[in-house]
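Enquirer: quick one: sequence and predicted model below, then my questions.
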Amino acid sequence: MTGRIVFTQSMEALYRALQPPTPPEHAAFLADGVTGARFAAGYPVAQHIAILDACAQSRFAHLPELERYTEVGKLFFEGFSKTLMGSALMAMLKLLQSGCRVAGATELTVTVIETKDLATTFEVKWAP
């Protein structure tokens with residue numbers, strides 16, 4: 001891929017922020033090959049902008065243009081925060097599992113019970 005790109009984290013964040021997508025957003029994601037199952041390492045900037053434009057037009061058409069993109073930016077930031085939080089949670093679960101195994105725990109399972117706002121509830125089970 002040549003030219004300016006947007007990395008996977010940004011596309012994933014936008015995808016998560018726009019759930020459920022409006023029909024124009026869905027079409028723009030599909031045109032870029034984004035289904036939410038897997039994300040490429042990077043995407044051309046033009047593809048990312050096409051999705052931002054679809055969002056601005058389909059969700060915020062009633063607002064002046066600058067305000068439309070301000071609202072899109074807010075959605076994107078929220079999605080990006082959740083994407084980063086998800087990565088941090090996965091790292092924390094791996095750290096917890098490693099610590100428990102070092103302490104002698106077997107049959108270890110860590111399950112996310114609920115994530116709400118900025119709070120996550122885990123269930124950790126193990127055999128001594």
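Expert: Here it is on my side, so go on. Keep in mind it's a predicted model, so treat the numbers as computed, not measured.
Enquirer: after the longest helix that the chain contains, next one along is what?
Expert: Counting by DSSP state H, the longest helix found in the chain is helix 65-102. On the C-terminal side of helix 65-102, the closest following helix or strand by DSSP states H and E is strand 106-116.
Enquirer: quick one: the helix or strand that that next one is followed by to strand 106-116, angle?
Expert: Next helix or strand after strand 106-116 toward the C-terminus (DSSP H and E): strand 119-127. Taking axes from the mean of the first three to the mean of the last three CA atoms, to 10 degrees, one finds strand 119-127 and strand 106-116 inclined to each other by 170 degrees.
Enquirer: ok, residues contacting strand 119-127?
Expert: Applying CB atoms under 8 Å, 6 or more residues apart in numbering, the contact partners of strand 119-127 are 89, 93, 96, 100, 105-115. Heads up, the C-betas are built off the backbone N, CA and C, glycines and all.
Enquirer: list just the nearest of those residues to residue 41.
Expert: residue 89 (22.0 Å; CB to CB).
Enquirer: next, count neighbours for residue 28.
Expert: 23 (other CB atoms under 10 Å).
Enquirer: helix or strand right after whatever helix or strand it lives in?
Expert: Element membership for residue 28, per DSSP H and E: helix 23-31. Under the assignment DSSP H and E, the closest C-terminal helix or strand after helix 23-31 is strand 42-44.
Enquirer: in that following strand, what counts as buried?
Expert: Using 16 or more other CB atoms under 10 Å as the test for burial, strand 42-44 gives 42, 43.
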